[in-house]
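J.: Make a model of this:
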Amino acid sequence: MAKNEELVFGIHAINALINVAPERFIEVWMLKGREDDRMMPIINLTRKYGISTQLVSRKALDERSEGEQHQGVIARVRPGKQYNENDLDDIIQAAEKKQKPAFLLILDGVTDPHNLGACLRNADAAGVQAIVVPKDNAAQITPTVRKVAVGAVESVPLVQVTNLSRTMKHLQQQGVWIVGTAGETDTNLFDVKLSGPIALVMGSEGKGMRRLTRENCDQLVKLPMAGTVSSLNVSVATGICLFEIVRQRSL
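T.: Predicted structure coming up:
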């Protein structure tokens with residue numbers, strides 16, 4: 001596969017992408033003999049947009065799917081827009097024009113693609129306008145991320161920044177309140193006002209936020225843990241925190 005191409009696999013991921021950006025598709029490989037109700041929307045869309053389609057064996061799909069479940073379909077596509085720190089102001093301003101305060105998710109070093117995909121899915125459901133991640137030492141968009149995100153990669157910009165601390169300071173200058181999650185604080189998430197322009201920061205699996213990231217937060221909060229488990233998976237914790245923000249904004 002060429003450097004300027006990507007693989008997308010899974011019914012939901014491909015269906016979502018073909019609906020928003022059919023021009024990016026180069027070729028689709030489908031499992032020979034599979035024309036069930038779940039696959040027919042993709043088959044109809046490839047015909048509608050004149051996308052080249054090959055019917056192949058399960059073995060051929062397995063070899064291309066990087067060990068992940070492909071659900072009988074894989075697409076070869078051109079890369080989409082790559083977002084960086086220069087795009088953040090435009091994203092915030094576009095939300096303000098719709099009378100929506102900034103709502104961002106910052107992931108400080110989340111490296112597991114399954115966690116990133118789940119966080120993207122949570123962010124899409126909660127109405128997050130962008131996810132901010134460092135360029136280095138963090139998961140990026142991969143076929144696995146796309147499949148887990150179930151189409152959210154196409155709706156939530158993933159903004160890669162070279163210096164996360166500098167980006168956080170810039171957001172604060174734009175009036176965005178930055179709330180980080182940290183187990184050592186005494187402040188409960190549910191006791192904090194979270195209704196204005198906000199960026200939620202979640203730390204990496206295991207280690208949490210880095211020191212500079214923590215120091216650049218306006219406030220630290222934690223989830224109350226009543227059982228013997230000391231912490232939650234980052235994507236689960238992210239979903240809880242995001243929807244507490246959603247709840248408060250709806251009051």
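
J.: Helix or strand for the one residue sitting closest to the centre of the chain, just tell me which one.
T.: Centre of the chain computed as the mean C-alpha position; nearest residue by CA atoms, centre = their mean is residue 120, 2.4 Å away. Element membership of residue 120 [criterion: DSSP states H and E] is helix 113-126.

J.: got the CA positions of the helix or strand following that helix in CSV?
T.: Downstream of helix 113-126, the next assigned helix or strand under DSSP H and E is strand 130-134. C-alpha atoms of strand 130-134 as CSV (Å, rounded to 0.1, in the frame of the first residue of the first chain):
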residue,chain,number,x,y,z
ALA,A,130,-12.4,18.3,18.7
ILE,A,131,-10.0,15.9,20.4
VAL,A,132,-6.5,17.3,21.0
VAL,A,133,-3.6,14.8,21.2
PRO,A,134,0.2,15.2,21.2
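
J.: Look up the closest residue to residue 171, ignoring the ones flanking it.
T.: Spatially, and ignoring its direct neighbours in sequence, residue 171 is nearest to residue 199 (5.7 Å; CB to CB, 6 or more residues apart in numbering). (Glycine included, C-beta is placed from N, CA and C.)

J.: Kindly format the C-alpha coordinates of the helix holding residue 120 as CSV.
T.: Taking C-alpha atoms only, helix 113-126 is exported to CSV below (Å, rounded to 0.1, in the frame of the first residue of the first chain):
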residue,chain,number,x,y,z
PRO,A,113,-5.8,2.4,19.6
HIS,A,114,-8.9,0.7,21.1
ASN,A,115,-9.0,3.4,23.8
LEU,A,116,-8.6,6.2,21.3
GLY,A,117,-11.4,4.7,19.2
ALA,A,118,-13.7,4.5,22.2
CYS,A,119,-12.9,8.0,23.2
LEU,A,120,-13.7,9.3,19.7
ARG,A,121,-17.0,7.5,19.9
ASN,A,122,-17.8,9.0,23.3
ALA,A,123,-16.8,12.4,22.1
ASP,A,124,-19.0,12.2,19.1
ALA,A,125,-22.0,11.1,21.2
ALA,A,126,-21.4,14.0,23.7
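
J.: Tell me the buried residues in it?
T.: Buried residues in helix 113-126, counted by 16 or more other CB atoms under 10 Å: 113-124, 126.

J.: could you redo those residues as CSV and give each row pLDDT?
T.: CSV is the format used below for the buried residues of helix 113-126 (pLDDT from 0 to 100):
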residue, pLDDT
113, 94
114, 94
115, 96
116, 97
117, 96
118, 97
119, 97
120, 97
121, 96
122, 98
123, 98
124, 97
126, 98
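
J.: one step back: I'd like the distance between the residue nearest to the centre of the chain and residue 158.
T.: From residue 120 across to residue 158, the span is 7 Å (CB to CB, to the nearest Å).

J.: and what of residue 57?
T.: 33 Å.

J.: What of residue 192?
T.: Residue 192 is 26 Å from residue 158, by CB to CB.

J.: Next: residue 222.
T.: With CB to CB as the criterion, residue 222 and residue 158 are 26 Å apart.

J.: Please consider this matter closed, and thank you.
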